[in-house]
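K.L.:
sharing a sequence plus its predicted fold:
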Amino acid sequence: MTTQESLTIRNALIFDGESPDLIEGSISIRDGRITAVGREVEETGTILDAGGRTVIPGLIDAHFHAYALSLTSALNETGPLSYSALAGVRRLEAALGRGFTFVRDVAGGDVGLATAIEEGLHPGPRYFFTGPALSQTGGHGDIRAANDGSCFHGGHMCEVVDGAEDLLRAVRHRFRTGATAIKIMTSGGVISPVDPIRVPQYSAAEIRVVTEEAARRGSYATAHAYSPEAISHSVLNGVRCIEHGNLLDAETARLMAEYDVYLVPTLVTYDAMGRRGAEIGLTEVGAAKNQEVLAAGKNAVTLAREAGVRIGFGTDLMGELEDEQLAGLRLQCEVLGVYDALRSATSTNAALLRREDLGRIARGACADLVILDGHPFEEPSVLWDGSRHRVVIKAGRIVSSDGLPPGHAPMKEAIGVPA
């Protein structure tokens, strides 16, 4: 991907991803990296006047699914991969336009999709992927109903793998083909047909072979888990991150904090399914499961915060619900407040992904930025109101400038080119 040689954003309020105190000043960018932040910044290259608006780090969605084209699992898993990839890049482009400059795909994706984005064949966020999530037979990734006698070994988003030896081979295959982490299903789920939400999945030995092999590769395993039983089962066997965690209790939250295990809540997917389930074909079984986890989700985040768990941000939106992505920020703000919610979607997620050069506005960091049409600490809705102007910058290049207010187009004055 080509980048602008240099860009200066001036007259800005800057949230650096960590401090609650906004910085007044400018941001200097060269070759996709931030070179200076503050009042005393030399203006070079293209000049973008923020007009007193707030600049935040590019947002990170740590629970994204490029191939989740529907709430119908069979369509996601068994349709043509070429179609899933083409639809997936459109989902990724839309996410970038909302200000998500980095996503972690935790069930699906492959090296081809990642390479196409990296090479600029199609616009999209920086893209980490786990490949298909690992599920036991009858677990959250097994799409078969009880009366379905067909064979299913896996598809684009999930693979059914049982036994430590086969799991070891599956983990190694994922790393060979470019995965950056491993996703494992350790409890039931909302849309899967035969697995109760609370029951832990996989044996301790099966989970541990996954986590140990991931650690040997300098990576980690993250687990889909809802209940205290499933979460503690995962944590005690080496999982580094819990996805969802809606039924978390105080004791298990303390266990997560003790083991420094992250929580990535996905509040918006349950809220959206609760409001739009009939519209998108959510089954009666799925609707009942969704209601159970929807009611508990915000309480789980509160318990995690009180225990000192590091809380990230994810959305987990499938099918037509992808347009609810920004609403996830609203729901997280309702629980954590604007400051902590913003940290979740920037610097905390970056730490989870082991990318300290993302999620921050500081010298040396990647120049992934969003210019908001207002001050989020005073008017939080600028974070999630899609009708408000926003400018998205990825690797120092303006990738979405339709949101530039009149009179604030970039200028070439610093290099002698008329605006």
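P.N.:
On my side now, so go ahead.

K.L.:
and residue 188, how far is that from residue 103?
P.N.:
25 Å (C-beta to C-beta, to the nearest Å). C-beta: built from backbone N, CA, C; applies to glycine.

K.L.:
which residues of the protein score low on pLDDT?
P.N.:
Scanning the chain for pLDDT under 70 picks out 1-4, 72-73, 141-154, 190-194, 401-419.

K.L.:
can you name the residues bridging to residue 135?
P.N.:
residue 160 (DSSP bridges).

K.L.:
burial count for it?
P.N.:
29 (other C-beta atoms under 10 Å).

K.L.:
tell me which residues in stretch 112-119 are buried?
P.N.:
113, 114, 116, 117 (16 or more other C-beta atoms under 10 Å).

K.L.:
against which helices or strands is the helix or strand harbouring the third one packed?
P.N.:
The reference is to residue 116. Element membership of residue 116, judged by DSSP states H and E, is helix 111-118. In terms of contacts (3 or more C-beta pairs under 8 Å, 6 or more residues apart in numbering; DSSP states H and E), helix 111-118 is packed against helix 81-98, strand 126-129.

K.L.:
at 10 Å what do you get?
P.N.:
In this structure, helix 111-118 makes packing contacts with helix 81-98, strand 100-105, strand 126-129, judged by 3 or more C-beta pairs under 10 Å, 6 or more residues apart in numbering; DSSP states H and E.

K.L.:
ok so residue 184 is a helix residue?
P.N.:
No - counting by DSSP: H, G, I helix; E, B strand; the rest coil, residue 184 is not found in a helix; it is strand.

K.L.:
before we move on, back to that, using PDB, write out every CA atom in the helix holding residue 116.
P.N.:
Provided in PDB are the C-alpha atoms of helix 111-118 (Å, rounded to 0.1, in the frame of the first residue of the first chain):
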ATOM      1  CA  VAL A 111      -3.500 -15.300   4.000                       C
ATOM      2  CA  GLY A 112      -5.000 -14.400   0.600                       C
ATOM      3  CA  LEU A 113      -7.400 -11.900   2.000                       C
ATOM      4  CA  ALA A 114      -4.800 -10.400   4.300                       C
ATOM      5  CA  THR A 115      -2.300 -10.100   1.400                       C
ATOM      6  CA  ALA A 116      -4.800  -8.500  -0.900                       C
ATOM      7  CA  ILE A 117      -5.500  -5.800   1.700                       C
ATOM      8  CA  GLU A 118      -1.800  -5.300   2.500                       C
END
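
K.L.:
that one vs strand 100-105, what angle?
P.N.:
170 degrees (axes from the mean of the first three to the mean of the last three C-alpha atoms, to 10 degrees).

K.L.:
contacting residues around helix 111-118?
P.N.:
1, 66-67, 81, 84-85, 88-89, 92-93, 96, 103, 105, 121-129, 131, 176-180 (C-beta atoms under 10 Å, 6 or more residues apart in numbering).

K.L.:
how many neighbours does residue 173 have?
P.N.:
Residues near residue 173, counting by other C-beta under 10 Å: 12.

K.L.:
again with residue 251
P.N.:
Counted with other C-beta under 10 Å, residue 251 comes out at 11.

K.L.:
that one and residue 138: what is the separation?
P.N.:
28 Å.

K.L.:
how about the helix or strand hosting residue 272: buried residues?
P.N.:
Per DSSP H and E: residue 272 is located in helix 267-280. Applying a neighbour-count criterion of 16+ other C-beta under 10 Å, one finds 267, 268, 269, 270, 271, 272, 273, 277 buried in helix 267-280.

K.L.:
so what secondary structure elements neighbour it?
P.N.:
Packed against helix 267-280 by the contact rule (3+ C-beta pairs under 10 Å, 6+ apart) you find strand 241-244, helix 284-307, helix 327-336.

K.L.:
please work out which of those is packed deepest.
P.N.:
strand 241-244 (a mean of 29; mean count of other C-beta atoms under 10 Å).

K.L.:
so where do the helices sit in the stretch 301-419 of the chain?
P.N.:
In the stretch 301-419 of the chain, the helices defined using DSSP state H, counting those that start in this stretch lie at 327-336, 338-343, 349-352.

K.L.:
flag every buried residue along the second one.
P.N.:
So the one you mean is helix 338-343. Buried residues in helix 338-343 (16+ other C-beta under 10 Å): 338, 340, 341, 342, 343.

K.L.:
reformat the residues you listed as a markdown table; add distance to residue 39.
P.N.:
Formatted as a markdown table, the buried residues of helix 338-343 follow (distance: C-beta to C-beta, whole Å):
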| residue | distance to residue 39 |
| --- | --- |
| 338 | 24 |
| 340 | 27 |
| 341 | 28 |
| 342 | 22 |
| 343 | 24 |
